[in-house]
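what follows is a predicted protein model with its sequence.
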Amino acid sequence: MQRQAEAPIPTHYGPFRMLAYAEKNTERMPHIALVAEGFNPALPVAVRIHSECMTGDVFGSRRCDCGEQLDASLHIAAERGGVVIYLRQEGRGIGLINKLKAYNLQDLGLNTADANTHLGFDVDARQYDCAIYILQDLGIQQVELITNNPVKVEALRRSPIEVVGRIPIIIPPQPDSRLYLQTKQDLMGHLLGL
């Protein structure tokens, strides 16, 4: 994987530089890094590693807190000269089609973890090697990780990137997301304080 293209992207959060990472420059769904104005890799950088969630990020689904986490992370990154890495690993790595199938199983009473395993997948099949590569490509050595997920913290701690802090990103539960968030806390160890 390598950096394939980049361009300035003005947003309502503030100005960012968008960088696309992929094996080939013909890749239609590259991983993305949004680098905020004021970015300084010599200092600890506020970084969000966000896995794609089309339902939440694009369409505002209330089944999860993903879109709200992305929104809050972009605000934090813009304020602190940070970086948001957007990884193309929809549905905890199972893809959109299987994620929709998992939603149907959840509607029948399974929680998000059991729905994934019922479909033959790991509870969480995401990997963070691409994010580590992007951080290194950007020259980042120390991060304040914007996350509630201890697995992300541990993935970075096993890499050359030093985690100097964690920035919690707590989204209040909605009626449609409460069971999902409770499962993330109880079964996946997310630090949500529910």
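Cool, the structure landed.

now Ala7, nearest residue through space, not along the chain?
Leaving out its chain neighbours, the residue that sits closest to Ala7 by Cβ to Cβ, 6 or more residues apart in numbering is Met18, at 5.9 Å. Yep, even glycine has a C-beta here, placed from its N, CA and C like the rest.

which ones are touching that neighbour?
Contacts for Met18 were tallied using Cβ atoms under 8 Å, 6 or more residues apart in numbering; they are 6-9, 32-35.

and it, backbone torsions?
Summarising the backbone geometry of Met18 under the convention degrees, to the nearest 10, its torsions are phi -100, psi 130.

quick one: which of the contacts of Met18 is nearest Val123?
For Val123, the nearest member of those is Ile32. The distance, counting by Cβ to Cβ, is 25.2 Å.

what distance do you get for the closest one to Thr112?
In this structure, Ile32 and Thr112 are 25 Å apart, going by Cβ to Cβ, to the nearest Å.

between these two, which one's more packed in?
Taking neighbours as other Cβ atoms under 10 Å, Ile32 and Thr112 compare with Thr112 leading, 25 against 19.

mean confidence for the top helix by length along the chain?
Longest among the helix segments of the chain by residue count, using DSSP state H, is helix 66-80. Per-residue pLDDT over helix 66-80 has a mean of 96.

does anything pack onto it? Which helices or strands?
Secondary-structure packing of helix 66-80 (3 or more Cβ pairs under 8 Å, 6 or more residues apart in numbering; DSSP states H and E): strand 31-36, strand 45-51, strand 83-87, strand 142-146.

for the nearest residue to Glu68 once chain neighbours are set aside, give me its contacts.
Taking Cβ to Cβ, 6+ apart as the measure, Glu68 lies nearest to Ile171, with 4.5 Å between them; neighbours along the chain are not counted. Contacts for Ile171 were tallied using Cβ under 8 Å, 6+ apart; they are 65, 68-69, 72, 177, 181.

now with 7 Å, please.
65, 68-69 (Cβ atoms under 7 Å, 6 or more residues apart in numbering).

cool, and Gln142?
With the criterion set at Cβ under 7 Å, 6+ apart, Gln142 makes contact with 44, 162, 164.

most neighbours among those residues, please name it.
If you count neighbours using other Cβ under 10 Å, the busiest of these is Pro44, which has 19 neighbours.

which phi and psi does that residue have?
Backbone torsions of Pro44, given as degrees, to the nearest 10, read phi -60, psi 130.

pretty sure it contacts Glu144?
Yes. The pair Pro44 and Glu144 qualifies as a contact (Cβ atoms under 7 Å) at a distance of 5.4 Å.

pLDDT wise, what is the residue sitting nearest the centre point of the chain at?
For the chain, His50 is the residue whose C-alpha lies nearest the centre (Cα atoms, centre = their mean; 1.2 Å). His50 is assigned 96 on the pLDDT scale.
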